[in-house]
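Colleague: got a sequence here, can you model it:
(chains A, B, C and D)
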Number of protein chains: 2
Amino acid sequence: MLMPPKTASSADQTRQRIIHAAERLFLEHGFDGTSLRLVTSSARVNLGAVNYHFGGKDALFEAMLARRFDALHAARLLLLDEYQAAAQQVPSCEQLLTALFKPALTLARESEPGCDFLRLLGRAYIDPSPVLRRLLAERYGPAIARFKDAFAEALPQLSRQELSWRLHFMLGALAYTLAGTDAWKLISAIQPDHQRDDELLLRRLTPFLIAGLQAPAPIFDDDLYATKRTVATSHDATSSRNASDGAMP
Amino acid sequence: MLMPPKTASSADQTRQRIIHAAERLFLEHGFDGTSLRLVTSSARVNLGAVNYHFGGKDALFEAMLARRFDALHAARLLLLDEYQAAAQQVPSCEQLLTALFKPALTLARESEPGCDFLRLLGRAYIDPSPVLRRLLAERYGPAIARFKDAFAEALPQLSRQELSWRLHFMLGALAYTLAGTDAWKLISAIQPDHQRDDELLLRRLTPFLIAGLQAPAPIFDDDLYATKRTVATSHDATSSRNASDGAMP
DNA sequence: CTGTTCTTCAAACGCTCGTTTGAAACTTTC
DNA sequence: GAAAGTTTCAAACGAGCGTTTGAAGAACAG
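Modeller: Take a look at the predicted model:
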């Protein structure tokens, strides 16, 4: 008969150690690059423990991400509810970004040191593995859809199409930056010694995103990117494309 | 003795077929997810051909990316030279983005159909594999540094630190969007039937990026993201961080 | 045609991967 | 303390990986 343990059983300790090691290693190497042998040896448990306690690699990573992200998205939606209930107007872009960022920062502060939550978040969105992509889409798609609707109300001047793209741009800037791959090296000389300050990072990101979201919609009938040799054709192609686009409301 | 072939030799054909298959598969599966067996069977050549003609998997992908990216960065720098020589003032953000985007679009149009160059570009920047990261940093770092300097002149109101971050945000939005993983599904309902139009995409991206780059610098002495229980401490940490930052010129 | 060089090919090597197995070790229950 | 259940452990499995090998085939020179 299965009994609920009053203190943390050794089995629970094993589960915790595995999840913790998986988090740390996923941060650095991604899903494909993190082998179960790496996880189990790093957690100092037996190789078979992952399959015994979680059922497999996919399920381990699902459990690892769900533990963090469920709380994150719940807090985000709660804050969104708050803003939508309290405001006399619909929530502004600033408020929506706050509803997205503040819970993430809070969780990042509350999480044990040496395991930065925001990089985990970024990596999860960047990672190309189908397992993670499916998980994010299925499990957190609805929450993101609610934010999308809220942004649509905050930015009524944008067509739905335009808005979708801008949120995509926003997600890209966010995830890419949070993931903090060594892409730093490309731009170079960002925070050489200091360890990363998540709050500072999000504070820098916020005005960039707000300005981007609120930018005027693009104009489609000039020749900005036309090639030299095909000016006329390119113009034709552009305007026909523009016609099929639906432009702006 | 090695003779220069007047027509494409069968060996050259093999090389071409391998590179073409590698491009197509890398687009979908990334570096780690693209096995040589997948490449060679897709190109209908022998498994050993990759090691014979290129020397190994790493070298194959380096050759594949270099073939496209060398031309791209050369064209970008040429256009940058043009703008810097012709203008009475330093090139604007718009011009710099044009110098970045226009060669990419031209190459995308010139490349054979069915192998979209811009997704390749995005994937290369997103991919977590150390091989590609090192390649991009070493081979194209200098070119990016020149653009960084140009952006610094176009945006003199930003501190070097702030500028680095904004370029990082820009790269994130760009790479993430171009890569076009199924992250679309998260935001949902982007171009359901239509195949992607690269020019339209970059036209949408441009105003977003320009507005973001030109946004006012963030203010660091309010409590926007302070947690409820640690208002005072958070404020202290923020101001000390602000002091060590170098702020604005 | 002969000999040399370049290219292809099937087979195998050594390795790592996720997963399975079955017997030990440990807990809990009666 | 014996029995039942739970958790660990070392070992192995089968599959896929990048790479190597050596012989067979093709292309070309003299």
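Colleague: what about the helices in chain A?
Modeller: Here chain A has its helices, by DSSP state H, at A:10-33, A:36-43, A:49-53, A:57-86, A:93-110, A:117-126, A:130-154, A:160-179, A:184-187, A:198-214, A:231-243.
Colleague: now render the ones you listed as TSV, adding mean pLDDT and distance to B:Leu105.
Modeller: All C-beta atoms are positioned from the backbone trio N, CA, C, and that covers glycine. Below are these laid out as TSV (pLDDT from 0 to 100; distance: least, C-beta to C-beta, whole Å):
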stretch	mean pLDDT	distance to B:Leu105
helix A:10-33	91	30
helix A:36-43	97	42
helix A:49-53	97	46
helix A:57-86	95	37
helix A:93-110	94	30
helix A:117-126	92	25
helix A:130-154	93	28
helix A:160-179	93	17
helix A:184-187	60	21
helix A:198-214	94	21
helix A:231-243	38	10
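Colleague: can you list the ones you listed in CSV and add mean neighbour count and distance to chain B?
Modeller: Below are the helices of chain A laid out as CSV (neighbours: other C-beta atoms under 10 Å in any protein chain shown; distance: least, C-beta to the nearest C-beta, whole Å):
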stretch, mean neighbour count, distance to chain B
helix A:10-33, 18, 5
helix A:36-43, 18, 14
helix A:49-53, 17, 20
helix A:57-86, 17, 12
helix A:93-110, 19, 5
helix A:117-126, 23, 6
helix A:130-154, 16, 5
helix A:160-179, 23, 3
helix A:184-187, 18, 5
helix A:198-214, 22, 3
helix A:231-243, 13, 6
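Colleague: mind putting these in CSV, distance to B:Ile18 included?
Modeller: Listed next are the helices of chain A as CSV, based on distance: least, C-beta to C-beta, whole Å:
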stretch, distance to B:Ile18
helix A:10-33, 23
helix A:36-43, 31
helix A:49-53, 37
helix A:57-86, 31
helix A:93-110, 43
helix A:117-126, 28
helix A:130-154, 25
helix A:160-179, 30
helix A:184-187, 28
helix A:198-214, 40
helix A:231-243, 33
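Colleague: to B:Trp165, which of those lies closest?
Modeller: Shortest distance between B:Trp165 and those, using C-beta to C-beta, is found for helix A:198-214: 4.9 Å.
Colleague: check which helices and strands that closest one is in contact with.
Modeller: The contact analysis (3 or more C-beta pairs under 8 Å, 6 or more residues apart in numbering or on different chains; DSSP states H and E) places helix A:198-214 against helix A:93-110, helix A:160-179, helix B:160-179, helix B:198-214, helix B:231-243.
Colleague: wait, which of those helices is closest to DNA strand C?
Modeller: Among these, the nearest to DNA strand C by C-beta to the nearest atom of the strand is helix A:160-179 (20.2 Å).
Colleague: that closest one relative to helix A:93-110, how many degrees between them?
Modeller: Here the directions of helix A:160-179 and helix A:93-110 differ by 30 degrees (axes from the mean of the first three to the mean of the last three C-alpha atoms, to 10 degrees).
Colleague: distance from helix A:160-179 to the middle of the chain?
Modeller: 9 Å (C-alpha atoms, centre = their mean, to the nearest Å).
Colleague: now do that helix: which elements does it pack against?
Modeller: helix A:117-126, helix A:130-154, helix A:198-214, helix B:160-179, helix B:184-187, helix B:198-214.
Colleague: mind putting the ones you listed in a markdown table, distance to A:Glu162 included?
Modeller: Converted to a markdown table, those look like this (distance: least, C-beta to C-beta, whole Å):
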| stretch | distance to A:Glu162 |
| --- | --- |
| helix A:117-126 | 22 |
| helix A:130-154 | 10 |
| helix A:198-214 | 10 |
| helix B:160-179 | 13 |
| helix B:184-187 | 12 |
| helix B:198-214 | 7 |
